[in-house]
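Peer 1: Test case, fold it:
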Amino acid sequence: MHPEIFTIPFTGLTVKSYGLLMVIGFITAIYIIRRLSSKITPDPQLITNAALYSLIAGVVGARLFFVVHYFDRFKDDLHSVFAIWDGGLELLGGVLLAIAVIAVYLRYHKLPIRKYLDILAIGLMAALLFGRIGCFFSGCCYGRPTDSPLAVCFPYGSHVFHNQINPDLERNRPEPYIELPDEFFGYVGKDGMLYTGLKPKEQLTPEQLELVTTGPYRCLPVHPTQLYSSLNAAVICLILFLFWRRAQVAQQEPRVNRFLTAPGTAFSLMFILYGFTRFFIEFMRDDNPFEANGLTISQNISIGLVIFGVIMLIGFTKYNLIASKPNKSD
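Peer 2: Numbers count the residues shown, from 1 in each chain. Next up, the predicted model:
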């Protein structure tokens, strides 16, 4: 786990791995979107502008979604809502707001919305691929303990470790996974104040350090759900690209089967595929609380995404069939 890549000299500011991977994902998405839209856009700069707006909307949406989801953490200090550098983004909220902003932007510039949304879907999945790797480095969005050979161990003091040494009533877990002795709690901070929380790693004795790194109090192995999600995004990205390519071929070759080639198909499939897979990945995660219907908020949203995607897919397909029929009055 490497939440911070390096510290900028003379500033004390650190470059976060999550933020860096988000930027890499954003640049990748811009490249893909510009490349695929080169034949249908009158001005490539319009696509770049749309991508920049989507980045801003994505950050705002991701933060807003997190704040609403975990409002109890902010209600006593509303100024901390804006402290994005301290962490706290949820990708799903960012994606939804980014899509809404781009749809408005495309409509304003009178561009073919459905065709651009298909390309946008491919770019979004590519960005998500890198974003989830950032989650892995940050240690968030973690999985449940498992004996799977794919399991990974996070270090002492990580989000996973804190989760495992405490009960989690919001996930119906009244007992911690690890019964950590009292000697690991309580310390004097750099400010001279006494704190009751988990001791910083540098304040552990060599014996204590051994107990939490290789001994009985080591963090339990968990599903690397961040990497599962990254791989899932890569697969969905490839599937959407293949559907998009098939649609391009169908436009040029009348003999090609036109089933699921209507503009907007790839965009609709993104909601269906992501919603379906995210629903089941949530069963392997251990961070989100159970809420409505005994499911996490992400699972409930995933169900809505699948339904929304199916409705769009049917609507776009029917619209395309109607539009492609010859006008009898001609």
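
Peer 1: CA atoms for contacts and neighbours, from now on please.
Peer 2: Fine.

Peer 1: Surely L120 and R35 touch.
Peer 2: No. Between L120 and R35 there is no contact under CA atoms under 8 Å: 11.3 Å.

Peer 1: With neighbour numbers in mind, choose between these two.
Peer 2: Using other CA atoms under 10 Å, the more surrounded residue of L120 and R35 is L120, with 25 against 12.

Peer 1: Was I right to think G131 contacts I27?
Peer 2: No. The pair G131 / I27 is not scored as a contact, 11.7 Å apart, by CA under 8 Å.

Peer 1: Please say which of these two ends up with more neighbours.
Peer 2: Neighbours were counted for G131 and for I27 using other CA under 10 Å; G131 has more, 26 against 17.

Peer 1: How about that one: what's its closest non-neighbour residue?
Peer 2: In this structure, G131 finds its nearest non-sequential neighbour in M22, 5.1 Å apart by CA to CA, 6 or more residues apart in numbering.

Peer 1: helix or strand right after the helix or strand in which the one you found is found?
Peer 2: Using DSSP states H and E, M22 sits in helix 17-36. Following helix 17-36 in sequence order, the next helix or strand is helix 44-69 (DSSP H and E).

Peer 1: Run a quick neighbour tally on G197.
Peer 2: By other CA under 10 Å, 10 other residues sit near G197.

Peer 1: Would you agree it falls within a strand?
Peer 2: Yes. Under DSSP: H, G, I helix; E, B strand; the rest coil, G197 sits within a strand.

Peer 1: Contact partners for it?
Peer 2: Listed by CA atoms under 8 Å, 6 or more residues apart in numbering, the contact set of G197 reads F185, G186, Y187.

Peer 1: do V60 as well
Peer 2: Applying CA under 8 Å, 6+ apart, the residues contacting V60 are G94.

Peer 1: Could you measure from it over to A98?
Peer 2: 9 Å (CA to CA, to the nearest Å).

Peer 1: where do the contact lists of the two overlap?
Peer 2: Shared contacts of V60 and A98 (CA under 8 Å, 6+ apart): none.

Peer 1: ok so, going back, now the helix holding M22, how far from the centre of its chain.
Peer 2: Distance, stretch centre to chain centre, for helix 17-36: 13 Å (CA atoms, centre = their mean, to the nearest Å).

Peer 1: Same question for stretch 184-199.
Peer 2: 33 Å.

Peer 1: what about that stretch, how long is it end to end?
Peer 2: Using CA to CA, the end-to-end distance of stretch 184-199 comes out at 6 Å.

Peer 1: What are the buried residues along that stretch?
Peer 2: For stretch 184-199, burial by neighbour count (16 or more other CA atoms under 10 Å) applies to F184, Y187, L198, K199.

Peer 1: Stretch 98-110 now?
Peer 2: A98, I99, V101, I102, A103, Y105, L106.

Peer 1: So which of these are in helices?
Peer 2: Taking DSSP state H as the definition of helices, these contribute A98, I99, V101, I102, A103, Y105, L106.

Peer 1: now, among the contacts of G197, which is nearest to F276?
Peer 2: F276 lies nearest to F185 out of the contacts of G197, by CA to CA, at 41.2 Å.

Peer 1: May I have the beta-bridge partners of the closest one?
Peer 2: L198 (DSSP bridges).

Peer 1: Against S138, how distant is V59?
Peer 2: Look at V59 and S138: by CA to CA, they are 17 Å apart.

Peer 1: hang on, the earlier thing: turn the buried residues of stretch 98-110 into CSV, columns for distance to Y228.
Peer 2: Listed next are the buried residues of stretch 98-110 as CSV, based on distance: CA to CA, whole Å:
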residue, distance to Y228
A98, 23
I99, 24
V101, 28
I102, 28
A103, 29
Y105, 33
L106, 33
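
Peer 1: Looking at those, which is nearest Y177?
Peer 2: A98 (37.9 Å).

Peer 1: So which helix or strand of this protein has the lowest pLDDT on average?
Peer 2: The weakest-scoring helix or strand in the chain, judged by mean pLDDT, DSSP states H and E, is strand 4-7 (a mean of 65).

Peer 1: In the buried residues of stretch 184-199, find the pair that's most separated.
Peer 2: Farthest apart among the buried residues of stretch 184-199 by CA to CA are F184 and Y187. That separation is 8.7 Å.

Peer 1: what do those two both touch?
Peer 2: The overlap between the contact sets of F184 and Y187 (CA under 8 Å, 6+ apart) consists of L198, K199.
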